[in-house]
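*Asks:* Just to be clear, the model below is a prediction. Sequence and coordinates:
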Amino acid sequence: MEKNLISKIKEKTSYTEQEIQNTIKALHEYMRTKFTDDQKETLEKLSSELNMDQEKINQIIMAYLDLKEITIN
């Protein structure tokens, strides 16, 4: 995870780096689960808003979540 981001959060909250990392990891997992649970509805809304194919949007979101997971770990 970006040290700069953790440092900024640490300055604002005064929590430990480990607490911040654990929270962000849990949030990331929640985002992945929530997206998976609500995938059809989310893709329909985004497809309409962005005027894009649902499959393209899905691939972009999954790639983003995978990259965020790599960055966090």
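*Replies:* Yep, it's here. All figures in this text were calculated on a predicted structure; none of them were measured in a lab.
*Asks:* C-alpha from now on. contacts and neighbour counts both.
*Replies:* OK.
*Asks:* Tell me how far the helix or strand of the chain with the lowest mean pLDDT lies from the chain's centre.
*Replies:* Every helix and strand in the chain was compared by mean pLDDT, DSSP states H and E; the lowest is helix 54-72, with a mean of 81. Centre-to-centre, helix 54-72 and its host chain are 8 Å apart (CA atoms, centre = their mean, to the nearest Å).
*Asks:* any residues touching it, and which ones?
*Replies:* 1-2, 21, 24-25, 28, 32, 43-44, 46-47 (CA atoms under 8 Å, 6 or more residues apart in numbering).
*Asks:* Now that helix: buried residues?
*Replies:* Residues 54, 57-58, 65, 69 are the ones in helix 54-72 that count as buried (16 or more other CA atoms under 10 Å).
*Asks:* Among the contacts of helix 54-72, name the ones in helices.
*Replies:* Using DSSP state H, the subset of these located in helices is 21, 24-25, 28, 32, 43-44, 46-47.
*Asks:* Mind putting those into JSON lines with neighbour count and pLDDT?
*Replies:* Output for those, formatted as JSON lines (neighbours: other CA atoms under 10 Å; pLDDT from 0 to 100):
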{"residue": "21", "neighbour count": "15", "pLDDT": "87"}
{"residue": "24", "neighbour count": "16", "pLDDT": "85"}
{"residue": "25", "neighbour count": "17", "pLDDT": "84"}
{"residue": "28", "neighbour count": "17", "pLDDT": "82"}
{"residue": "32", "neighbour count": "17", "pLDDT": "82"}
{"residue": "43", "neighbour count": "20", "pLDDT": "91"}
{"residue": "44", "neighbour count": "14", "pLDDT": "92"}
{"residue": "46", "neighbour count": "15", "pLDDT": "92"}
{"residue": "47", "neighbour count": "17", "pLDDT": "93"}
